[in-house]
Each structure stands twice: as C-alpha cells, then as structure tokens.
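Engineer: 3D model of this:
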Amino acid sequence: VQLMESGGGSVQAGGTLRLSCGYSSNAYCMAWLRQGPGKERVGVALIRDVGTTVHADSVKGRFTVSRDGAKKTIYLEMSDLEPEDSGMYYCAAGHWPCKLGGSFIWWGQGTQVTVSS
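Structural biologist: Numbering: from 1, shown residues only. A predicted model of the protein is given here:
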C-alpha cells in the first residue's frame, strides 16, 4: 500500500485545515498519527474499512476522520486548531487489530502542520 499525504500548512490558533491521504489499495485500518517537536508519535484518529472511527480524546469534537472510497482517499478535518496540534502528521495503514496505539505496516512521508498562537 502506498500512501501520500497532502494539505498541511501554517494556520493561526482557532483555524481549520483538511489533510488528505491518497492510497493505492485499501487496508483494514487507516490512521492519522502526529509527532510534535520533541514528542513521541501518537495516534490521532483512525477509520476501519467498515467505516467505524476512533478519535483521540485530545481531538474529539475538533477533528474528524473520513474516507472516500471512490477517490481512494482518507481525510482529517481539523478545526479549532491549537498550538499543541502542531507537528508532522502521518497517514498509516495496517491490518487487524486496529487501535490508535497499535502498529502499522505502511506509512506516508508526512505533512507538516504548524499552528501559531
């Protein structure tokens, strides 16, 4: 599975961004993870091939993961962004089990998100 992220950028706090991840073939589990400066990489949101989603507590109500199967793309809609949301966002894919803290097999190269206060 090949993954390609796009849509990162710089925004002010309270702003919105939409990240996209195009994929070459479907996978059971597709996720967004981020790594802030000096921080470990953490799961932000995931979507299973049946459509169920999971969002990290820190982004619930602000971020939404979705999939467009026809376009072979998953999205991460981010609103009310905070400086703490800054970091490199990675798209990843894998098999069962599908958990935010789980392991993933395929990775994109990442897209940078910077939120200024």
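
Engineer: which residue would you name as the spatial centre of this structure?
Structural biologist: Residue closest to the average C-alpha location in the chain (Cα atoms, centre = their mean): Trp32, at 2.4 Å.

Engineer: surely that residue meets Val65?
Structural biologist: Yes: using Cβ atoms under 8 Å, Trp32 is in contact with Val65, at 6.3 Å. Glycine gets a C-beta too; all of them are placed from N, C-alpha and C.

Engineer: point out where this protein drops to low pLDDT.
Structural biologist: The chain contains no residues with pLDDT under 70.

Engineer: what's opposite Ala31 in the beta bridge?
Structural biologist: Beta-bridge partners for Ala31, by DSSP bridges, are Leu46, Ala92.

Engineer: ok, it - contacts?
Structural biologist: Listed by Cβ atoms under 8 Å, 6 or more residues apart in numbering, the contact partners of Ala31 are 43-47, 65, 91-94, 98, 100, 104.

Engineer: of these, which is the most crowded?
Structural biologist: Tallying neighbours with other Cβ atoms under 10 Å puts Cys91 at the head of those, with 27 neighbours.

Engineer: strands of this structure, residue ranges please.
Structural biologist: Taking DSSP state E as the criterion, the chain carries its strands at 3-6, 9-12, 17-23, 29-35, 41-48, 53-55, 63-68, 73-78, 87-94, 106-107, 111-116.

Engineer: identify the residue nearest Gly7 in space, chain neighbours excluded?
Structural biologist: Leaving aside its chain neighbours, Gly7 sits nearest to Leu19 (4.2 Å; criterion: Cβ to Cβ, 6 or more residues apart in numbering).

Engineer: from Glu82, how far out is that neighbour?
Structural biologist: Separation of Leu19 from Glu82 (Cβ to Cβ, to the nearest Å): 16 Å.

Engineer: more neighbours: which of the two?
Structural biologist: Taking other Cβ under 10 Å, Leu19 and Glu82 do not tie; Leu19 has more neighbours (24 against 15).
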